[in-house]
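Enquirer: Sequence first, predicted coordinates after that:
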Amino acid sequence: MTSKRITPEEIDNLLPQTQCGLCGYGGCMPYAEALVYENASINLCPPGGVATLLALGSLLQKDPAPYLAEMKTNPKPPMLAVIREDECIGCVKCIQACPVDAILGSAKQMHTIIADECTGCELCVPACPVDCIDLIAVPAFDKEKRDLARTRFNQRELRVNLEKAAKLKRLSDVSLGKRKQYIEAAVLRAKGKKK
């Protein structure tokens, strides 16, 4: 009798989708993949708390008991980031740090958090050079908000990767163009010397 193989998607559905990286991975899906393929520990998700620890233990058939006390004493409740807008200098560092594109603003303009989109990951807090971002506790996220956070994270990851690829292509095109110009100039110089 073969046991059913657990997929990263099944595990990802149990995770809180804060995309905070507190687990040491770049988001909830990378942690889910590490649980499946690297045998990562089930106690690495502080935002998930005891409920996620127990759910992961049950799904993966791993004993959560050794981690319960620590998870109970170090809870990380759901949070929401709030920018003190009158102190914001518009540096865009928080926008760049947000894994779900929940911050609205532009360079040298005041920024604001889109409350319904924010996962409380806290990644914007250390990015802010003027320390104008506060975190407030909020009720636990429902499945709809977790699904929205997962979708926004995946869309941002895709956009960022496409932007990187386009930038690399532009750089290679420029360097290829410069190489062609250099070679053409060298050929012309060589031809000029032969005459």
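Expert: Arrived safely.
Enquirer: all helices for the chain, in order.
Expert: Along the chain, the segments classed as helices by DSSP state H run 8-12, 28-37, 49-60, 65-73, 93-97, 124-127, 143-194.
Enquirer: what does the third one rub up against?
Expert: Meaning helix 49-60. Outside helix 49-60, the residues within contact range by C-beta atoms under 8 Å, 6 or more residues apart in numbering are 6, 10-11, 14-16, 35, 42-43, 45, 48, 62-64, 67-68, 71-72, 75-76. Glycine gets a C-beta too; all of them are placed from N, C-alpha and C.
Enquirer: can you check stretch 20-38 too?
Expert: 6-9, 11-12, 15-19, 40, 42, 44-47, 56, 60, 76, 99, 119-123, 150, 153-154, 157.
Enquirer: filter those residues to the buried ones?
Expert: Neighbour-count burial (16 or more other C-beta atoms under 10 Å) applied to the contacts of stretch 20-38 gives 8, 11-12, 15-19, 40, 42, 44-47, 56, 60, 76, 99, 119-123, 150, 153.
Enquirer: what helices or strands is the least confident helix or strand in the chain by mean pLDDT leaning on?
Expert: In the chain, the helix or strand scored least confidently by mean pLDDT, DSSP states H and E is helix 143-194, which has a mean of 85. The contact analysis (3 or more C-beta pairs under 8 Å, 6 or more residues apart in numbering; DSSP states H and E) places helix 143-194 against helix 28-37.
Enquirer: tell me the average confidence for the helix it packs on?
Expert: In this model, helix 28-37 has a mean pLDDT of 96.
Enquirer: Could I get the CA-only coordinates of it as PDB?
Expert: Provided in PDB are the C-alpha atoms of helix 28-37 (Å, rounded to 0.1, in the frame of the first residue of the first chain):
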ATOM      1  CA  CYS A  28       4.700  30.600   2.300                       C
ATOM      2  CA  MET A  29       5.100  28.500  -0.900                       C
ATOM      3  CA  PRO A  30       8.900  28.300  -0.600                       C
ATOM      4  CA  TYR A  31       8.400  27.100   3.000                       C
ATOM      5  CA  ALA A  32       5.800  24.600   1.900                       C
ATOM      6  CA  GLU A  33       8.300  23.300  -0.700                       C
ATOM      7  CA  ALA A  34      11.000  23.100   1.900                       C
ATOM      8  CA  LEU A  35       8.700  21.000   4.100                       C
ATOM      9  CA  VAL A  36       8.100  18.600   1.300                       C
ATOM     10  CA  TYR A  37      11.500  18.400  -0.400                       C
END
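Enquirer: For that helix, buried residues please.
Expert: 28-36.
Enquirer: And for stretch 115-131, what's in contact with it?
Expert: Defining contact as C-beta under 8 Å, 6+ apart, one finds that stretch 115-131 is touched by 16-21, 47, 78-81, 87-89, 91, 93-94, 96-103, 133, 135, 138, 141, 145, 148-149, 152.
Enquirer: how about 7 Å then?
Expert: 17-21, 78-81, 87, 89, 91, 93-94, 97-100, 102-103, 133, 135, 149, 152 (C-beta atoms under 7 Å, 6 or more residues apart in numbering).
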